[in-house]
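Q: Just to be clear, the model below is a prediction. Sequence and coordinates:
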Amino acid sequence: MSLYKRGHYDSYDPRSALPEFEGIFERPMYAPTPLNPYALEKDGEPYVTHAQAVIMDLFTRNLDELRVRPPDAVINLLLMSVNSALVQRFEENGNKFIPPDCDEVTAELFVKACLGRASADELIDLLARHPGSIQSIELAKQTHPFKWGVTSAMDIEIDTMMTRNDFTRHTNVYTQDVGHYVMTADDIRQPSAAITVRKADVGMKQISSSERIVVVQRDSFVVDLTHDDTAGVAPEFKKWMTKINGPKRFSGHKEVYEKDGMAEFIDEQLMTPHELRSPALYPGVRSYYAHYAAALETTHHTE
């Protein structure tokens, strides 16, 4: 199989932007999205075309392997979540640059990142060299709809990368700055399922007296609000959604979830062994990204 190379495409559908997967792209399952990926090609075809087929096949296979089929609202929203997370990253990565007069090492790192061949250590190095230009960079991503417990290799790789690069690691929810967000629901007034995103800072490294690099773990989920396990939080969640959004559907941007019930439910599930987690919570995508932050900025980045 050939490696990636840069192509020249005058048109593409960004909704087809879906990365990763070993064998198809000759990278680890959790490889990050290349920088400026729209011109990338594999065997003469756009990178995004190959990737879309792989992700859709994965989604279908994982769904078929479930012993109990989730409600249609859950399935539809999880597919939306998987797609939107990946499209968002392509958009974030589609406008990265470095100064034209940068040193040779930086230039080589940037080319590797654009070809999808840079390691997490190299991506951190690239960000540290030009934080003002790069701002943020994805380090790893694994799409795992419906399935828990398949991101272990990625989690270990990021954790050991932070150790190698002298990050202060935040290893549990008590030391992390955690934020929960709501992306959309199947019905704003009477939601039966919703897409949520959890972001947690898992490491920090000071690069100057006033600047730091923060590593964030991002998880997307769909919550089944009709399940018995969410009976205690569903009314609170529905009331909050109605108050915040009224009749307006807010797909396309996120709302900070300011209530405790749903956030506590999700955090508790993540601290529960995989095989014991509630069937009311379905995972979609886990990714790690690093971003540059000035001393007075908040930890969470806008990604």
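A: Received it, and whenever you're ready, just let me know what you need.

Q: Quick one: neighbours of residue 124, just the number.
A: As a burial measure, the neighbour count of residue 124 was computed by other CB atoms under 10 Å and equals 23. The C-beta positions use only the backbone N, C-alpha and C, and glycine is treated the same way.

Q: Might you list the low-confidence residue ranges for this structure?
A: In the predicted model of the chain, residues 1-27, 173-174, 244-259, 295-303 satisfy pLDDT under 70.

Q: for the stretch 1-150 of the chain, what spans make up the helices?
A: Listed in chain order, the helices of the stretch 1-150 of the chain (DSSP state H, counting those that start in this stretch) span 47-64, 72-93, 104-114, 120-129, 131-134.

Q: Now find how far off-centre stretch 141-156 is within its chain.
A: On the basis of CA atoms, centre = their mean, to the nearest Å, stretch 141-156 sits 11 Å off its chain's mean C-alpha point.

Q: The stretch 151-300 of the chain: strands as residue ranges?
A: Per DSSP state E, counting those that start in this stretch, the stretch 151-300 of the chain has strands spanning 168-169, 178-185, 193-206, 211-224, 255-256, 281-294. These are given in chain order.

Q: of the ones you listed, which approaches residue 113 most closely?
A: Ranking these by distance to residue 113, with CB to CB as the measure, places strand 281-294 first at 12.2 Å.

Q: What residues of that closest one count as buried?
A: Neighbour counts over strand 281-294 (16 or more other CB atoms under 10 Å) mark 281-293 as buried.

Q: Stretch 61-78 too?
A: Neighbour-count burial for stretch 61-78 [16+ other CB under 10 Å]: 62, 70-71, 73-75, 77-78.

Q: Between all of the residues you listed, which two are at the greatest distance?
A: Comparing all pairs in these by CB to CB, the longest separation belongs to 62 and 73, at 17.4 Å.

Q: so residue 129 touches residue 106, yeah?
A: Yes: taking contact to mean CB atoms under 8 Å, the distance of 5.0 Å between residue 129 and residue 106 places them in contact.

Q: hey, what's in contact with both of the two?
A: Shared contacts of residue 129 and residue 106 (CB atoms under 8 Å, 6 or more residues apart in numbering): none.

Q: which one in this structure is furthest away from the centre?
A: The centre of the chain is farthest from one residue, residue 101, which by CA atoms, centre = their mean lies 31.8 Å away.

Q: Now do the phi/psi pair for that residue.
A: phi -100, psi 20 (degrees, to the nearest 10).

Q: Would you mind confirming that residue 274 makes contact with residue 151?
A: No: under the contact definition of CB under 8 Å, residue 274 does not touch residue 151, with a separation of 10.2 Å.

Q: What residues of stretch 40-52 count as buried?
A: With the criterion 16+ other CB under 10 Å, stretch 40-52 contains buried residues 40-42, 46-48, 50-52.

Q: Let's have those residues in CSV, adding distance to residue 115.
A: Compiled in CSV, those are given as follows (distance: CB to CB, whole Å):
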residue, distance to residue 115
40, 7
41, 11
42, 11
46, 15
47, 10
48, 15
50, 15
51, 15
52, 20
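
Q: ok, so of those, who is nearest residue 172?
A: Distance to residue 172 across the buried residues of stretch 40-52 (CB to CB) is lowest for residue 51, with 33.3 Å.
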